[in-house]
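Participant: Got a predicted model here, sequence first, then my questions.
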Amino acid sequence: MLRKFLIKIAGLIVLGLVLYWGWGYYRIERYTNNKENHTVRPTVYDDSISEIGYIIEVKIINDLWEGKKTIIWCVKIPKTNKIYSCDWEAGFSNFAKDDAVRLIHYNGSDGNADHSGYIIGMHEKIKGKSALVNAVDVEDLDYDYYSE
């Protein structure tokens, strides 16, 4: 009798976890689709910098509790040997490792903390697709984010 009761309780716990997991992923997909549906038209200002580089790392974090997806691309600019950490805000989200991209970002030489920028795909099926990002030079970060 006790064994049947414990099996039923275990089944209810498993069912609850499956429902929580499924609902969390549904919320993440809904959140992601809403952000992807924003049309991103890159804007270049006089103090913006446009650099060509490639994605060296992609980090995707799914937060089931909050129902949000965080995507971080590390973009290396070979000309300056700089690496930028780019946090996805809206637009295209399917850039992958080794994709060639154009990074448009604020110069920041005047001490302004504006890190807004754009990543634009440069080849094949991602050509012309763009994402709004927060682009931060990893040298400006307080920790060792990426070392190559």
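Facilitator: Received it, and whenever you're ready, just let me know what you need.
Participant: packing partners for the biggest strand by length in the chain?
Facilitator: Longest strand in the chain by number of residues, with DSSP state E as the criterion: strand 48-63. Counting contacts by 3 or more CB pairs under 8 Å, 6 or more residues apart in numbering; DSSP states H and E, strand 48-63 packs against helix 2-36, strand 68-77, strand 100-106. Yep, even glycine has a C-beta here, placed from its N, CA and C like the rest.
Participant: can you rerun that using 10 Å?
Facilitator: With contacts defined as 3 or more CB pairs under 10 Å, 6 or more residues apart in numbering; DSSP states H and E, the packing partners of strand 48-63 are helix 2-36, strand 68-77, strand 82-91, strand 100-106, strand 116-121.
Participant: relative to strand 82-91, how tilted is the first one?
Facilitator: Angular relation of helix 2-36 and strand 82-91 on a 0 to 180 degree scale: 100 degrees, by axes from the mean of the first three to the mean of the last three CA atoms, to 10 degrees.
Participant: Go through helix 2-36 and flag the buried ones.
Facilitator: 24, 27-28, 31-32, 35 (16 or more other CB atoms under 10 Å).
Participant: go on, the last one?
Facilitator: Of all the residues in strand 116-121, those buried under the rule 16+ other CB under 10 Å are 117-121.
Participant: for these, which one is nearest W73?
Facilitator: Nearest to W73 out of these is I119 (CB to CB; 6.6 Å).
Participant: now the nearest residue to W73 once chain neighbours are set aside, which residues is it bridged with?
Facilitator: Distance criterion CB to CB, 6 or more residues apart in numbering; nearest residue to W73, sequence neighbours excluded, is C86 at 4.6 Å. Beta-bridge partners recorded for C86 (DSSP bridges): W73, A135.
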